[in-house]
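> With the input below, show me the fold.
(3 chains)
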Amino acid sequence: MSVAAAEAPPAAAALPAPRWGRLALTGLVALLCAAPFLLVLVISFGEKVEGGSWTWGLTLANYERFFLGHDWPNALSLVYPQRLWFSVWYAALGAAFALALAFPCAWAITRRSRRTQAAWLAFILASLSLSEVFVVMGWDVLLSRNSGLPAWLKALGVTDMLKDGGWFPLLIEWDLANPRDLKFKTSGFATLLAMTYIVFPYAVILLYPPLSRLDPSLAEAARTMGARPWKVMRTVVLPAVRLPLIGSALLLFVYLLGAYVAVTVFTPPEKQTLTVTIYDAVRGQTLDAPFGAAQSVVLLATAGLCLWAAARAGVRR
Amino acid sequence: MMARAWLAFCALFIAAPIVVVCAAALNGGRSMLFPPQDPTLARFGEFFAGDPVWRTSLEASVVIALGSAALATLAAWPIAYGLWRSGDRWSRALAGLGGLPFILPPIVFGVGLGFLWSFFGALGSMAAGVLSHAALFLALPLATISVGLQAIDRAHLDAAATMGADARATFRTVILPQTIPYTVSGFFFAMVLSFNEFIVMFFVSASGFATVTLQIFNSLRNGFTPTMAVAAILFIAVSGLTFAAIARWGDLPRLMGADPARADD
Amino acid sequence: MGALSLSGVSKSWGAVTAVSDLSLDFPEGQLTALLGPSGCGKTTLLRMIAGLEAPSRGRVLLDGADITDRPAHVRRFGMVFQSFALFPHLSVAENVAYALAIAGMARRDRLAKAEALLALVQLDGYGDRRIGQLSGGQRQRVAIARALAQEPSVFLLDEPMSALDAKLREEMQVELRLLQQKLRVTTIVVTHDQREAMTMADRIVVMNRGEIEQVGPPQEVYDRPATAFVAGFIGKANILHGEARGGAVAAHGALFHPERPAAFRDGSPVTLACRPEAVRLGRAAREGANQLAARVSFVRDVGPTREIFLDAGPATLTAELGAGEREPFSVGEPVFAELPPAALRLFPRAA
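Next comes the predicted model:
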């Protein structure tokens, strides 16, 4: 009888799907969802034409320029690999911080009543949908020298305390202060803060399903056997959601690889990421679409690798 | 106790920049200060009645958000239905393809769409903007409608059949009504995210039109003005109200993947 | 209208066979219970009758007409599902009127008819409620009313009581039986509960592993089980394995004589069944055969009867004593269990 339930009943037959409708839908999806990525790939092998245009081609020059530099073989330049490294670095840290914040938060939400959960989810989703532009705007005001955190810290005397304590050389090295004051803007810290904020709601939303499906009697059973809450977390909850956790981390990482606004506003120019140079190549000052496409392909390959790893991890489960 | 404290901290973290932006709109002067100086509501008037650049960009944002969400929902229905009903290789491939733009870095999709539309000579057109966002956010109604279809008890379909309903009548009287909340949720998800989306529009709009997010970014380097904060408030309000409505009338925990078996606790 | 028959019906999915080569008649106006353990193919059979599942082989006939290829929505046999499958997006009255709406009846007419049907299942005035506001028993009544709205030629129920608690289940069984007798509609109930089958059915079909074990009126199936499986499944039975010897059965060192000599070849393996309530206990051996020396291992009182569990070497027996014969037997006491000839059922057994 369980066999019967698994089969789709012939009585409730599917609606007739006209062949042309199916083809049109496939065509539309292929054109809008797949063709852009293919175009990026194809154009990355194209050549730049003076005056900001480009032609089709089959050259690896753009990739050579990316990995070895403009002037290869006379000189090796690792500017772009370094940009990629910054992309990966910020994205990895941002994803890690967001997950660390979001995990206990999602856990706490799932322990509440269904109505409270819905309210929290609405709040989280509203902040998730908030434009990167507004997020950056808010943190910009919060971190700005004359009206944000630096001014408050100064008023509270924290700045002077740090100065007296000899912390300033270190803070200056981290871009968090100039010789006179604390300053947070254009620093790796501000970039990471904004990135963490941007993906934090995504992290909660991604962790919510596995945590809410976790059988509460598992944790209760562990507690009756004498495990303290922290031990329950470590020995029961974390192992049970290990794979969704890894999968979420990779998805957040991929999302942050494409962060643009936070980087242009908060990151010191010498530490900016690939997204900025992609924009410059495709639309901005340098105007070299094939090279921009090649950079995009490298970014895409990095993202694809991560998603593939995530899918593998999911399949093995 | 710890959990409550942590939740409160997270709520504060989420709310901090939002509160700051909202408060900044009240500034009397030209600069964004927090706490605001000489509080006034004059910026709201400026936004809606002053410089027409804000009104036209708001119109562009609304048209693109509504148009792309409607298109995405319409396209998502047959894909989700095919996936649920037959689950064959074709439907799976179609669904996978449709979800691609949403999970890959949006900047790459934006670059690709820029190439695509300039190829068709449509770069900077409103239609291109609508289609681009429809493709980007197709994954959202696709996901919610799929959740809705999976939530249908197959016994309901059998019951309808034993009472004389053929495939068409079953679709109209059982499948459609039971999935409407999920369809509406998907539409609103797509709409709100399109409303707020920046990077893809950045590549697709060229200089043909500007949405509010683009407009704000464009004036970003000139320094923020409190009028921009009014736009931010508007957007935050739209997002907040939309998701509050979904939470009120839809099954948000289930949509987000909670265990349906524990729906009654 | 409503005489249904199956001829040579089979259903298999790949190597798994749910129903194999089954032929059966369902007389008009009768209530037939398909009874068997889970996985015996009874639900699959019901779904094939409803048209929800296509048989792999065989024909389904209604009043002599072949309806095998008619899909469920053309057969329109009313069906009550295990989960009731009531539509949560419709009110109670709209649920009941669903089939009428599909058939194109005007809204006013169909709601009037729904109200009448709700009265029939004692739910008058509940039409405007949502399904979520009903209790389990009320939901079941709605499901029954809904299935009857289209005045089906055949009425099907798939484990209709399994979602109800024990007390309500008994009440609903009686109520459903009375309703069926009033309407005289050909009814088929799938159940794994022999009490439920015996309460409601004119006729019981016992199924096991996709095949029919026995068909007959409830009391006949209980009194004269056709196979050892039926004896064990309907009610309780003491089962002993032995071999035939001169018209009797030798098992566990004793000889058991049935009422009439059995027609088994000497030495062939035989299974012997006897209802616990037929077993008689004594402290001393009596004249005659059919007795087994045993020791009391456990005693329990279950309301009107007392059950005595016995150890007889490798075999275990249960004796059920009525209220009138409450002789106190204590655990560990040696006793003699007598299986009266009239109560013995003999079945051939594969060696």
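
> Going by C-alpha atoms from here, please, whenever you check contacts or count neighbours.
Noted.

> which stretches of the stretch 201-350 of chain C form helices?
With DSSP state H, counting those that start in this stretch as the criterion, the stretch 201-350 of chain C has helices at C:218-223, C:228-233.

> do the stretch 1-150 of chain B as well
For the stretch 1-150 of chain B, applying DSSP H, counting those that start in this stretch gives helices covering B:2-24, B:42-49, B:52-85, B:89-103, B:106-119, B:126-137, B:139-150.

> Residues touching the fifth one, excluding its own?
Read that as helix B:106-119. Identification of contacts with helix B:106-119 by Cα atoms under 8 Å, 6 or more residues apart in numbering or on different chains yields A:32, A:35-40, A:255, A:258-260, A:275, A:282, A:293, A:296-297, A:299-300, B:101, B:123, B:128, B:132, B:199-204.

> related to what we said a few turns ago, deepest-packed of the helices of the stretch 201-350 of chain C, please.
helix C:228-233 (a mean of 19; mean count of other Cα atoms under 10 Å in any protein chain shown).

> contacting residues around that one?
Residues contacting helix C:228-233 (Cα under 8 Å, 6+ apart): C:36, C:194, C:206, C:213-214, C:221-222, C:225, C:237-239, C:271-273, C:347.

> any idea how far B:T170 is from C:I49?
20 Å (Cα to Cα, to the nearest Å).

> Could you do A:L76 as well?
From A:L76 to B:T170 the distance is 67 Å (Cα to Cα).

> Next: C:G242.
Distance from C:G242 to B:T170, by Cα to Cα: 58 Å.

> again, but for B:T213
43 Å.

> Next, the contact list for C:P218, please.
Here C:P218 is in contact with C:197-198, C:201-204 (criterion: Cα under 8 Å, 6+ apart).

> 7 Å - rerun?
Residues in contact with C:P218, defined by Cα atoms under 7 Å, 6 or more residues apart in numbering or on different chains, are C:198, C:203-204.

> Same question for C:A350.
Counting by Cα under 7 Å, 6+ apart, C:A350 touches C:P269.

> One more: C:V142?
Contact analysis of C:V142 by Cα under 7 Å, 6+ apart lists C:V96.

> Let me see the backbone angles for it.
Backbone torsions for C:V142, taken as degrees, to the nearest 10, come to phi -60, psi -40.

> Please apply the same query to C:A163.
Torsion angles, degrees, to the nearest 10, at C:A163: phi -90, psi 0.

> Look up how far C:F81 lies from it.
From C:A163 to C:F81 the distance is 10 Å (Cα to Cα).

> Likewise for A:T159?
Taking Cα to Cα, one finds A:T159 at 72 Å from C:F81.

> A:F184 now?
65 Å.

> so where is chain C shaky, pLDDT-wise?
Low-confidence segments of chain C (pLDDT under 70): C:1, C:323-326, C:351.

> Of all the residues in it, which one is nearest chain B?
C:H73 (3.8 Å; Cα to the nearest Cα).

> Including mean pLDDT, distance to C:G2 and mean neighbour count, could the helices of the stretch 1-150 of chain B go into TSV?
Shown next, in TSV, are the helices of the stretch 1-150 of chain B (pLDDT from 0 to 100; distance: least, Cα to Cα, whole Å; neighbours: other Cα atoms under 10 Å in any protein chain shown):
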stretch	mean pLDDT	distance to C:G2	mean neighbour count
helix B:2-24	86	64	17
helix B:42-49	78	73	16
helix B:52-85	92	33	21
helix B:89-103	90	42	19
helix B:106-119	92	63	24
helix B:126-137	94	54	25
helix B:139-150	91	36	24
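
> thinking again about what came up before, now the contacts of C:P218 in JSON lines, with neighbour count and distance to A:G94?
Below are those laid out as JSON lines (neighbours: other Cα atoms under 10 Å in any protein chain shown; distance: Cα to Cα, whole Å):
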{"residue": "C:M198", "neighbour count": "20", "distance to A:G94": "68"}
{"residue": "C:R203", "neighbour count": "23", "distance to A:G94": "71"}
{"residue": "C:I204", "neighbour count": "26", "distance to A:G94": "68"}
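
> Nearest to A:E50 among the residues you listed?
Using Cα to Cα, C:I204 comes nearest to A:E50 of these, at 90.1 Å.

> for the helices of the stretch 1-150 of chain B, which one sits closest to A:P179?
Among these, helix B:2-24 sits nearest to A:P179 (Cα to Cα), with 27.3 Å.
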